[in-house]
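Asks: Please find the sequence and the predicted model below.
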Amino acid sequence: MFNRHRFCLALILLFIQLIVIAEIIPAATTTLVTSQTDSLSGLKNILLESAREFIRSKQWDKAIGVYQRYLQVFPAEEDKIIRIIKVLQAPERNMKIENLGPKVNSKFQDYYPIISMDGNTLFFTSRHRPGGFGGEDVWATTRSDTGWTVAVNIGTPINTNQHEGFMTLAPDSLTAFIFGNYPDSYGNGDIFCATLEDTGWSEVKNLGPPINTGDFEGDAFFSADCKTVFFVSDRPGGIGEYRPRSKFYHPEYNSDIYISVKNDSGWNEPINLGNIINTPYCERGPLFHPDGRTLFFCSSGHPGLGDLDIFLSYRIGDSWTEWTEPVNIGKEINTVFKDWGYSIPVSGNEVYFASVREDGLGQSDIYLMTLPERLTNPVTIVSGKLTDTQGNKLDKAKIEWEDLETFKILGKTMTRPSGDYTILLPSGRWYSYTASKEGYFFVSRDVDLRKEDQSKVVKDIKLPKLTPEVVPPPSALLNVFFNLNQSTIRSESKTELDRFLRLINKHPEWKKIEISGHTCDLGAADYNKKLSFDRASSVIQYFIDQGESSARFVARGYGFEKPLVYELSDDARKINRRVEYTIIELDKELLDLKNNNSENNERNED
């Protein structure tokens, strides 16, 4: 049977292609096209569909020609169309795209990849994949020397016979945000969380108000310091008219991106990111890079090539509502389809995404795209293992990091069950981070990223045990800073010294504490001994100025007599230049009293 609409569409497409190729737009064309359509709305749809077809086949010039013709007919949309044309006119970049292969992808739908911050674990969602629990399940694969391992279902309690999917993984890999159909849901979609324990993932918990409501909430994403969560909601009060996801099809529903900052009692009231990021249409998939500035998100309201394009914007200052104008990340990544469910690692020059392509293994596969340039500011991954001095792993130890120049605490995390830790530090600053655990001495390290970008820093840390059976305790380092050949304490040392004061105030039984200075091999021995003594004395003077008794401390200057590393390299010299503390005398009466109190408390608990 003759299909008038299809015949009309084919005819219009033919004429549009002729127009583009000839680079002419005769006035008669408008009459012909309009006569074959019922209205200007029909003409608009035909032109847009024609442009989509050219974009789909990467015929950029022809797509531009169609949009230019569209602009003549619909001049009121000039701003939007010009911005789309600029995306198409941009020089094409060379992108490497690779399918992750049969160990990850299946003949079923595999999508929504989430890469861990260290880049070694990839979580993703798969629908009706054999070995699952039914519906959508979360799967995981790890990176090995030979590539990705065979993906495994992460099991219960996260996966059920309903639909579940990871939305994000905290930088320390200890907390996951999940979207699922769990019994304690509030309404039309909620955000849940689970934590990684010794035995696996914990029971899933609803994040609760004020983040979850009776409306749709999803697409949650952690900031690098784990203090802020980004999420999407279609709740009333957003930018534009209230059009909930439950009543409107994509992309007609209106969803906005919000943030909520965590405090000691829970999550604060969410903040809408404002009308620079959000539009009266659909915003989804926020991804806030660990550089603390770059926001990736998807939108159907900003000018793009498809139903949902990926954009990036940069945060201005410390406000959550001030952003640079969003920029479409390009025709090589964005398509005419819904482009979301992506993940960008710390490096900023790769994108994990799902797509339906000719080289695919199934209904939807996961791919890795390598970009020719970095989209983000440099970030350093600091990682390592935390153990006691015997090499035993220490889980649930606290890691806290700060800016040494502003003294601002930037974030806190815990070591994983394996004793590993990971923190993310934007370049351009000087940082200190401290590991601590009840019953152990704290240990601090510093990372100076002001002059040199480093992609990774690996520092294993050993915490000396602080128990009655280890008396006196071994020497431990103080993270104190001095200028070259000077003994005046730099201001960056204040937080560390105050931390030590809090420690010794908890241990009045430490009657006499030696503060010792050490230098490297450079310089005359007598000079180094005096310099190291003067530095130890400066530390003690700081403690006295804070109200401590001078009788509690003794200064020693060892110069290069007790090096930690017997090498003459720059790295070895940096390690050997240090300040240490050692407990050299204990108050026996106070120690016995403390031990007796501890034993009584244990009996009461029993």
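Replies: Sure thing, it's come through. Residues are numbered from 1 along each chain as shown.

Asks: for the chain, longest helix please?
Replies: Identified as the longest helix of the chain according to DSSP state H is helix 525-545.

Asks: That one: which residues count as buried?
Replies: Buried residues in helix 525-545, counted by 16 or more other CB atoms under 10 Å: 528-540, 542-543. C-betas here are computed from N, CA, C, even on glycine.

Asks: do stretch 173-181 as well
Replies: Buried positions in stretch 173-181, judged by neighbour count with 16+ other CB under 10 Å: 173-180.

Asks: quick one: which of those sit in strands?
Replies: Residues of those located in strands (DSSP state E): 175-180.

Asks: Of these, which is the nearest to L478?
Replies: Closest approach between these and L478, by CB to CB: T175, at 32.2 Å.

Asks: Number of residues surrounding A555?
Replies: The number of residues packed near A555 is 18, by other CB atoms under 10 Å.

Asks: Might one say that it is in contact with K529?
Replies: No: applying CB atoms under 8 Å, one finds A555 not in contact with K529, separated by 11.7 Å.

Asks: okay, and for the stretch 301-450 of the chain, where does confidence drop off?
Replies: Within the stretch 301-450 of the chain, the stretches with pLDDT under 70 are 339.

Asks: what are the ranges of the strands in it?
Replies: Listed in chain order, the strands of the stretch 301-450 of the chain (DSSP state E, counting those that start in this stretch) span 309-314, 327-328, 342-343, 350-355, 365-370, 379-388, 398-403, 409-414, 420-426, 430-436, 443-448.

Asks: which one of those is the most hemmed in?
Replies: Comparing the strands of the stretch 301-450 of the chain by mean neighbour count (mean count of other CB atoms under 10 Å), strand 342-343 ranks first with a mean of 25.

Asks: chain center to it: distance?
Replies: Distance, stretch centre to chain centre, for strand 342-343: 11 Å (CA atoms, centre = their mean, to the nearest Å).

Asks: Report all helices and strands that it contacts.
Replies: With contacts defined as 3 or more CB pairs under 8 Å, 6 or more residues apart in numbering; DSSP states H and E, the packing partners of strand 342-343 are strand 109-115, strand 283-288, strand 350-355.

Asks: so can I have TSV of those showing distance to V73?
Replies: Supplementary listing: the helices and strands packed on strand 342-343 in TSV, determined by distance: least, CB to CB, whole Å:
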stretch	distance to V73
strand 109-115	37
strand 283-288	29
strand 350-355	32
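
Asks: what domains does the record give for the chain?
Replies: Domain assignment for the chain by automatic domain parsing gives 4-89, 96-370, 378-466, 474-606.

Asks: I'd like to know which of those domains has the weakest mean confidence.
Replies: Here the lowest mean pLDDT among those goes to domain 4-89, at a mean of 73.

Asks: ok, for D309, nearest residue in space, not its chain neighbours?
Replies: Excluding the flanking residues, the one nearest D309 by CB to CB, 6 or more residues apart in numbering is N334, at 4.3 Å.

Asks: thinking again about what came up before, which among the buried residues of helix 525-545 gets closest to S418?
Replies: Checking the buried residues of helix 525-545 against S418 by CB to CB gives V539 as the nearest, at 35.3 Å.

Asks: surely that closest one meets V480?
Replies: Yes: judged on CB under 8 Å, V539 makes contact with V480 at a distance of 6.2 Å.

Asks: any residues in contact with both of those two?
Replies: By CB atoms under 8 Å, 6 or more residues apart in numbering, V539 and V480 have these common neighbours: 489, 497, 579.

Asks: now the first one, which residues is it bridged with?
Replies: According to DSSP bridges, the partner residues bridging I489 are F482.

Asks: burial of it, as a residue count?
Replies: As a burial measure, I489 scores 19 neighbours (other CB under 10 Å).

Asks: any idea how far it lies from K530?
Replies: Applying CB to CB, to the nearest Å, the value for I489 to K530 is 17 Å.

Asks: And D79, by the same measure?
Replies: Using CB to CB, D79 is found at 71 Å from K530.

Asks: Assumed K80 was part of a helix.
Replies: Yes: according to DSSP: H, G, I helix; E, B strand; the rest coil, K80 belongs to a helix.

Asks: I figured it hits P303, correct?
Replies: Yes: assessed by CB under 8 Å, K80 is found in contact with P303 at 4.6 Å.

Asks: So for the two, which residue has more residues nearby?
Replies: With neighbours defined as other CB under 10 Å, K80 and P303 compare such that P303 has more, 19 against 15.

Asks: what about the closest residue to that one other than its chain neighbours, helix or strand, and which?
Replies: Nearest non-adjacent residue to P303, counting by CB to CB, 6+ apart: R83, 4.1 Å away. Assigned by DSSP states H and E, R83 belongs to helix 78-89.

Asks: Quick check: can you name the pairing partners of the next helix or strand after that helix and their directions?
Replies: Later in the chain than helix 78-89, the nearest helix or strand by DSSP H and E is strand 96-99. Sheet pairing for strand 96-99, assigned by DSSP bridges, gives strand 365-370 (antiparallel).

Asks: gap between the strand it pairs with and the chain center?
Replies: On CA atoms, centre = their mean, the centre of strand 365-370 falls 19 Å from that of its chain.

Asks: Name the residues that touch that strand?
Replies: Identification of contacts with strand 365-370 by CB under 8 Å, 6+ apart yields 95-100, 104-105, 110-111, 113, 122, 124, 333, 349-357.

Asks: In ChimeraX, select just the buried ones from those.
Replies: With 16+ other CB under 10 Å as the criterion, this ChimeraX line picks the buried residues out of the contacts of strand 365-370:
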select :99,100,104,105,110,111,113,122,124,333,350,351,352,353,354,355
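
Asks: pLDDT score assigned to P472?
Replies: 57.

Asks: Let me know the secondary structure of L593.
Replies: Under three-state DSSP, L593 falls in the helix class.

Asks: Just give me the neighbour total for it.
Replies: Residues contacting L593 under the criterion other CB under 10 Å number 13.

Asks: The buried residues of helix 525-545: which two are farthest apart?
Replies: Spatially, the most separated pair among the buried residues of helix 525-545 is N528 and F543, at 23.4 Å (CB to CB).

Asks: before we move on, the earlier item: which one of the buried residues of helix 525-545 is nearest to Q72?
Replies: For the buried residues of helix 525-545, the closest approach to Q72 (CB to CB) belongs to Y542, at 74.7 Å.

Asks: My guess is that closest one contacts T488. True?
Replies: No: counting by CB under 8 Å, Y542 does not reach T488; the two are 10.6 Å apart.

Asks: quick one: G218 is in a strand?
Replies: Yes: assessed with three-state DSSP, G218 lies in a strand.

Asks: Kindly state the beta-bridge partners for it.
Replies: Per DSSP bridges, the residues bridged to G218 are V232.

Asks: quick one: it and M167 touch, right?
Replies: Yes: counting by CB under 8 Å, M167 is a contact partner of G218 at 6.7 Å.

Asks: Cheers, nothing more for now.
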